[in-house]
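[1] Just to be clear, the model below is a prediction. Sequence and coordinates:
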Amino acid sequence: MVRVTGVADETPTVRTIRFEDPGMAAALPGQFAMVWVPGGGELPMSVMAGDPGGAAFTVRRHGPASTALYGVDRGDLIGVRGPYGNTFDVREGRLLLAGGGTGMVPMMRLAMRVADPSRVVILMGARTAPEVIFERAAAALGEVVISTDDGSRGEEGTAVDAARRLLGSGRFSAAYVCGPEPMMAGIVAEARSRGVFVQASIERPMKCGVGICGSCCMGDRLVCSDGTVFDGDRLAATGEFGAIYRDKAGIARRY
Amino acid sequence: MVRVTGVADETPTVRTIRFEDPGMAAALPGQFAMVWVPGGGELPMSVMAGDPGGAAFTVRRHGPASTALYGVDRGDLIGVRGPYGNTFDVREGRLLLAGGGTGMVPMMRLAMRVADPSRVVILMGARTAPEVIFERAAAALGEVVISTDDGSRGEEGTAVDAARRLLGSGRFSAAYVCGPEPMMAGIVAEARSRGVFVQASIERPMKCGVGICGSCCMGDRLVCSDGTVFDGDRLAATGEFGAIYRDKAGIARRY
Amino acid sequence: MGLATRVAGIDLAGPAMLASGILGISMDVFRRLLDSGAGAVVSKSLSAEPREGYPNPTMAEAAGGWLNAVGLSNPGAPNFANMMRGAPGVPVVVSLVGSDPDEFVSMARLFEGLEVPAFELNLSCPHVEKVGLEVGDDPELVSRIVRSLKGAGVRVIAKVGLGSSDYLGTVRAAEDAGADAVTAINTVRAMSIDVHSGRPVLSNGFGGLSGPPIRPIAVRCVREITSRHEIPVIGCGGVSCWEDAAEFLLAGASAVQVGTAAGGNPGIFAEINSGISSYMERRGYSEISEVRRAA
Amino acid sequence: MGLATRVAGIDLAGPAMLASGILGISMDVFRRLLDSGAGAVVSKSLSAEPREGYPNPTMAEAAGGWLNAVGLSNPGAPNFANMMRGAPGVPVVVSLVGSDPDEFVSMARLFEGLEVPAFELNLSCPHVEKVGLEVGDDPELVSRIVRSLKGAGVRVIAKVGLGSSDYLGTVRAAEDAGADAVTAINTVRAMSIDVHSGRPVLSNGFGGLSGPPIRPIAVRCVREITSRHEIPVIGCGGVSCWEDAAEFLLAGASAVQVGTAAGGNPGIFAEINSGISSYMERRGYSEISEVRRAA
């Protein structure tokens, strides 16, 4: 159990929950924790590390568990296990980092790890202006491009549209993406069609986080233990990426 | 399990069993292992360490388990767990190290640790000449005094007699002893009566080796986990040292 | 020197099978594990209807192993049969959970024509009421279920666990009713409570303990069964390396299942195969069954 | 804020008792443990006659805990009563093992006039035939034993374990017969086999698993008993630190016993007392029983 040291609103439905934990503070970009809110459920969360010894989760409230985590206060105890999963293969040259919603978390961590703003473009996709998060912090880590579906901030259109335009410039040696699966699938397809190395950090429902339960499977891969980060080619080979998910009973469903 | 790398006869009833095991090779003087001969039983054995990475047990056959260990061959596998127990408090000045029978093992290890032959006297007690062990090796570690009950080698008399004479010289700042309990009790009493710091490494029947079963208790002390090495004053305080042992059922009996 | 073996009429490429409930909802994952050296794979326990299972937390580390109460989440036998139909060439031992003979038989019938070498009956899930242990604790019911399935002409493996009656009575009932093999054991009913919140660590409260902590209990059960019964036993409980697999074989098992330790490590089957193979070579054994007879 | 508590009429200086079978043949050791903070000490299980127990190996590490088959070695009830007579001022909960009511009663009578706050009946030793689990698996016999002892006017704690019948039936029998408390659980029957020699690691083959691996099983049993029965429960199984002790209290236990973890660490009782004391302070509890009620 770790104690929450701070809570900050990012948008009306997104909060960042800070805590101290040496293990989580050492999490690599793309790694996640299983986070338990006693009485409120457990869910996988991408780990944001920043301050020495400190770490954070950025959570959007939607289901019961994420709403419980969203609702914790400073001083509350939450359970964390992990960090689990792999990390990104950071290439040379100019890099496109595309994040949608709380999918920005691993992109921020990745940008910190690259630590060279001159070769990083951070594409932040959101439905509408108030949902744009981390803008100020991102500006210190690379060139920021914002897209909103409704055009209320930055370019109008989806993050896939914006990524298509950016990748079309031909300047990128690699692209990295995290966000809703259809968005990732669109950007991965764009990058692959242009021969740009691309990796995505996948989010799927998880129970164990360590490759036992199989809940997060995608084809023959397990997001928790084979991922969360996969190469675009591997994702395409699963035949399920962006197309099929499994419900709580494990029944394959189309997106 | 460790593989026996060599077997050497010390006397007609005593053998040294060599094996390789980094953990046991690092055992301190006085520490012991629980040694399992599959199908033959398990018993506590003082650990002799010497060659880099190598260790050995010196066993006299008497009961079923010691006879089984005595009977192992080069290449056999035996189980070892430990090392367990504490070690000696090595004092400055001239030291008397008194070993009886296979009680010589911790004394040899202690002499190696002192590593200063000029201040070590090794008293080797045996019933009769053929039972004297480690004589050559001991000569390299200190001045050797041998006593045999029948006078067939060295001084005639018990090790307690010899220790009394040596301690009477007043030259020793500390004495260390390992052997049959009545012998240890005699030497501890001699040393205490002269105000010489004394420690004994106790041998008692053991089942667990780690302070759970209580088989090796002596007063309120457990030989395995509080010892095997105790100060003379502590031994005297038990009221049982040299006087009372427990049989297999745990019934206190007089020596 | 062969790792291939035959248990209850099922041909296994190696002695280590994937246990039920692990990684068990993707035919692609099953194929990957079979390609990685698993002797066979067992599906999640399938019920007549889909089950969502319990909400998270459904798994937590405990005592060096894992505590779980997934709640038998599964796509249901009909959906799983369709998944198998869509992925030919991947044989799957199908685990079934239910509460009466007719239910088991009608589920088994869904798999006619598919590559199902055997059905494993989960008579021992420790954290769902009315199925699992409540069935296994009733030897007479076990007997009727096994007889019905044997009457339907399928191979039957009874998976037993430590419930509130003598599990050896369940074994006897299954054997007498014609079961082809027994898998021993399931997870052991257990609970952990977080001292900071005062709450059980699983949403269901009670769960099943798996992994290294239960291995000595499982080895004991395998030895107890094989010393009293003729029915072949598949050992299950905490197998994490080849030595563990060998220990179960020495206890009398004909094969083993790997559960918790396959988590995040699909390579474990190859590791076990390689270790057992060297072990057999050192001992001069040419068949897995010789390990069993060596104890 | 007090660590002292009262269970089954026994006053405990703290919530952590020494479990039976641990360090249990020297009155001096008992005194040392009581001085070190143990709430009470329980003797080895005493039989009518002395028992040498099984030959070594009687203990082996397994699954992060210990496997043992000491074989109930003990000096016999008469010798132990004499030991107690020779060491006044050291109260000992006396553990008894036997197979019929008269045997238990005549052993208990040996302790008349001695400081024995209660007798704990070992109904659950998993590795000796005819006593232990064979008794505990027979609720009717348990009932007769408890009634006889209660008739003799002594306090009775029934120590239960996982045998081949429903342990909750044993609890019910003990409670209905008037037992003052239940200790749950004993070691769990288990076995380890050395793969190099092909031999069981204990001379007796089967033994009992103790320590961390059985804690989640023991916590479950405590919760199962306390959610169905009124009888006070002393939790036992893998308690290694204050958090473990608190976990048992949260599961419903009135006190705990420490076994394996007291091995080589008599300071554990003070550690547990200190941890529980701080925990109670943080939560504003003034009595141990409040921890139990917090869950």
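    Received the coordinates, thanks. Numbering: from 1, shown residues only, chains lettered A, B, ... in the order given.

[2] Can you report phi and psi for A:Ile146?
    When read as degrees, to the nearest 10, the backbone of A:Ile146 gives phi -110, psi 140.

[3] can you check C:Lys44 too?
    Main-chain dihedrals, C:Lys44, degrees, to the nearest 10: phi -60, psi 160.

[4] do A:Thr16 as well
    The phi and psi values for A:Thr16, taken as degrees, to the nearest 10, are phi -110, psi 130.

[5] residue contacts, it?
    Counting by CB atoms under 8 Å, 6 or more residues apart in numbering or on different chains, A:Thr16 touches A:Val7, A:Ala8, A:Glu10, A:Met48, A:Ala56, A:Phe57, A:Thr58, A:Val59. Heads up, the C-betas are built off the backbone N, CA and C, glycines and all.

[6] pLDDT score for it?
    As predicted, A:Thr16 sits at a pLDDT of 95.

[7] mind checking how far it is from D:Gly205?
    57 Å (CB to CB, to the nearest Å).

[8] thinking again about what came up before, most neighbours out of the contacts of A:Thr16, which is it?
    A:Phe57 (28 neighbours; other CB atoms under 10 Å in any protein chain shown).

[9] List the pairing partners of the one helix or strand it maps to within its sheet, with orientation.
    Taking DSSP states H and E as the criterion, A:Phe57 maps to strand A:54-60. If you go by DSSP bridges, strand A:54-60 pairs up with strand A:14-20 (antiparallel), strand A:48-49 (antiparallel).

[10] Mean confidence (pLDDT) on that strand, please.
    95.

[11] residues near C:Tyr54, how many?
    22.

[12] And the helices in the stretch 1-150 of chain A?
    Ranges of helices within the stretch 1-150 of chain A are A:22-25, A:64-70, A:104-114, A:135-139, based on DSSP state H, counting those that start in this stretch.

[13] quick one, which of these is nearest to C:Gly98?
    helix A:64-70 (29.6 Å; CB to CB).

[14] helices or strands next to the closest one in the packing?
    Under the contact criterion of 3 or more CB pairs under 8 Å, 6 or more residues apart in numbering or on different chains; DSSP states H and E, helix A:64-70 touches strand A:32-37, strand A:41-46, strand A:54-60.

[15] ok, and which of those strands has the densest surroundings?
    Ranked by mean neighbour count, those are led by strand A:32-37 with a mean of 26 (mean count of other CB atoms under 10 Å in any protein chain shown).

[16] so the residue in the stretch 51-200 of chain A positioned nearest to chain B bridges to which residues?
    Relative to chain B, the nearest point of the stretch 51-200 of chain A is A:Arg81 (30.5 Å; CB to the nearest CB). For A:Arg81, the beta-bridge partners are A:Met34 (DSSP bridges).

[17] One more: A:Ala8?
    Legend: beta-bridge partners of A:Ala8 under DSSP bridges are A:Thr16.

[18] what does C:Ser210 give?
    Beta-bridge partners, per DSSP bridges, of C:Ser210: C:Trp66.

[19] show me what contacts it?
    By CB under 8 Å, 6+ apart, the contact list for C:Ser210 reads C:Gly65, C:Trp66, C:Leu67, C:Asn68, C:Thr187, C:Gly237, C:Gly238, C:Gly259, C:Thr260.

[20] again, only using 10 Å
    Listed by CB atoms under 10 Å, 6 or more residues apart in numbering or on different chains, the contact set of C:Ser210 reads A:212, C:19, C:21-22, C:59, C:62, C:65-68, C:185-188, C:190, C:218, C:236-238, C:259-261, C:263.

[21] Return the distance of A:Arg61 relative to A:Val72.
    Taking CB to CB, one finds A:Arg61 at 11 Å from A:Val72.

[22] Counting neighbours, go ahead and name the busier of those two.
    Neighbour comparison, A:Arg61 and A:Val72: the larger count goes to A:Val72, with 21 against 16 (by other CB under 10 Å).

[23] partner residues bridging the closest residue in space to that one that isn't next to it in sequence?
    In space, and not counting its chain neighbours, A:Val72 is closest to A:Val4: 5.3 Å by CB to CB, 6 or more residues apart in numbering or on different chains. Assessed by DSSP bridges, A:Val4 has beta-bridge partners A:Phe19.

[24] Go through stretch C:46-63 and flag the buried ones.
    Using 16 or more other CB atoms under 10 Å in any protein chain shown as the burial criterion, the residues of stretch C:46-63 that qualify are C:46-48, C:50-51, C:53-60, C:62-63.

[25] between these, which is nearest A:Gly186?
    Closest to A:Gly186, out of all of those and judged by CB to CB, is C:Asn56, at 29.2 Å.

[26] State the phi and psi torsions of that closest one.
    Taking degrees, to the nearest 10 as the convention, C:Asn56 sits at phi -60, psi 150.

[27] Low-confidence regions, chain A specifically.
    Along chain A, segments meeting pLDDT under 70 span A:50.

[28] And it, what are its domain boundaries?
    Using automatic domain parsing, the domain ranges for chain A come out as A:2-84, A:95-254.
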